[in-house]
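1. what follows is a predicted protein model with its sequence.
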Amino acid sequence: MVTGSARDVRYNGGMEIAPLTDAHLDAALDLWRRTEHLAPAPREEVEGLRAHDAGLVLAAVDEGRLLGVVLGSWDGRRGAISRLAVDTTTRRRGVAQALVKELEDRLRERGCTRVSLFVYGGNDAGRAFWSAAGYREAPDVVMFSRSLVTACDGGAVDDDAHPGC
């Protein structure tokens, strides 16, 4: 089923899972922007993750066309998955499963033993996907967040952030 070397993996049908390249960065940013239940990904955020660990920012590509993308990160203890997106024309064909499997394999190689992710409560399709992939909801966990960039800094501000200036 899987062939390839140096962790670039080719799946049946010709789809390749490999680190996101500069050639596909704009298409990935556009895909995140168009995907329901996802906020647009800031270019700086994606570039920062790629600089930190390019091997965990993955793209599914077939004949030069971006099919899907996912951001992974690892802090030396736990892994995280965010912004899994698949083009609407190629959904239900195993792209998301292939991206997640490859990301999990890469995290496991680094010594990661647990992976976490967030799904918006109203994203029923996303919740069903992650449940089918073996992930469990943690109903006792409450997420807190705080923007460290304010409008005063000239940066983007989360909708629920209070710039304080």
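-> Everything's here; your move.

2. now the strands for the chain?
-> 3-5, 8-10, 16-19, 57-62, 65-74, 79-86, 115-117 (DSSP state E).

3. and the ones you listed as a markdown table, adding mean pLDDT and distance to D26?
-> In short, each C-beta sits where N, CA and C put it, glycine included. What follows is the strands of the chain, written out as a markdown table (pLDDT from 0 to 100; distance: least, C-beta to C-beta, whole Å):
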| stretch | mean pLDDT | distance to D26 |
| --- | --- | --- |
| strand 3-5 | 37 | 25 |
| strand 8-10 | 60 | 21 |
| strand 16-19 | 94 | 16 |
| strand 57-62 | 95 | 12 |
| strand 65-74 | 94 | 9 |
| strand 79-86 | 93 | 14 |
| strand 115-117 | 92 | 25 |
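
4. so which of those comes closest to T35?
-> Each of the strands of the chain has some distance to T35 by C-beta to C-beta; the shortest is strand 79-86, at 4.2 Å.

5. what's the longest helix in this protein?
-> Counting by DSSP state H, the longest helix found in the chain is helix 95-109.

6. what residues does that helix touch?
-> Helix 95-109 has contacts (C-beta atoms under 8 Å, 6 or more residues apart in numbering) with 7, 9, 11, 15, 17, 55-56, 58, 60, 67-70, 72, 74, 79, 81, 84, 86-87, 115, 129, 133.

7. before we move on, what about stretch 19-33?
-> Outside stretch 19-33, the residues that touch it by C-beta under 8 Å, 6+ apart are 8, 38-41, 43, 46-47, 50, 54-55, 57-59, 61, 66, 68-69, 83, 85, 87.

8. just the buried ones from these?
-> 38, 41, 46, 50, 55, 57-59, 61, 66, 68-69, 83, 85, 87 (16 or more other C-beta atoms under 10 Å).

9. from the residues you listed, which is closest to V149?
-> Nearest to V149 among those, counting by C-beta to C-beta, is A41 at 15.1 Å.

10. what's the local residue count around the spatially closest residue to that closest one that is not a sequence neighbour?
-> Spatial nearest neighbour of A41, excluding adjacent residues (C-beta to C-beta, 6 or more residues apart in numbering): W32 at 4.3 Å. Residue neighbour count, defined by other C-beta atoms under 10 Å, stands at 19 for W32.

11. from V57, how far out is W32?
-> Distance from W32 to V57, counting by C-beta to C-beta, to the nearest Å: 12 Å.

12. again with R114
-> Computed as C-beta to C-beta, the R114 to V57 distance reads 20 Å.

13. also R127?
-> Per C-beta to C-beta, R127 is found 24 Å from V57.
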